[in-house]
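Participant: need the 3D shape of this:
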Amino acid sequence: MAVEYRNLMEDIVLQNLDVVMAAEGGCTCDSCKSDVIAYTLNHLPPHYVATRQGRLMVKLKSYEMQSRADVVAAISEAAVMVAKNPRHGRN
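Facilitator: Numbering: from 1, shown residues only. So this is what the prediction gives:
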């Protein structure tokens, strides 16, 4: 029997990433996006699910105003941090 689980916070961050990064005006190359995603996920609580019902519950919660604000704020903070020290500009 295969055990399947997923951190739905990854999906929620990815859904909001492009809009927030564009608003911050920083670099949106793949390297910077990866760094922003990693930083963001390390600063948000994970939402692991193993069932369809769990996925629906987390998806509903992600649409709550405070949850969305927390995700957007974390992405914004990450984008600012990465823009100050982008990995692609290093020699």
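
Participant: what packs against whatever helix or strand residue 41 lives in?
Facilitator: Using DSSP states H and E, residue 41 maps to helix 30-42. Judged by 3 or more CB pairs under 8 Å, 6 or more residues apart in numbering; DSSP states H and E, helix 30-42 is in contact with helix 8-24, helix 65-84. The C-beta positions use only the backbone N, C-alpha and C, and glycine is treated the same way.

Participant: tell me the buried residues in the first one?
Facilitator: Neighbour-count burial for helix 8-24, with 16 or more other CB atoms under 10 Å as criterion, is recorded at 8, 9, 12, 13, 16, 17, 20, 21, 24.

Participant: contact partners for the second one?
Facilitator: The contact partners of residue 9, by CB atoms under 8 Å, 6 or more residues apart in numbering, come to 41, 44, 45, 46, 47, 71.

Participant: and the two most separated of these?
Facilitator: Pairwise distances across the contacts of residue 9 peak at 12.5 Å for 46 and 71 (criterion: CB to CB).

Participant: which one, of the helices and strands packed on helix 30-42, ends up nearest to residue 31?
Facilitator: helix 65-84 (9.0 Å).

Participant: now what about that closest one, what contacts it?
Facilitator: Helix 65-84 is touched from outside by 9, 12-13, 16-17, 20-21, 23-24, 26-27, 32, 35-37, 39-40, 43-44, 61-62, with contacts defined as CB under 8 Å, 6+ apart.

Participant: alright, I will stop here.
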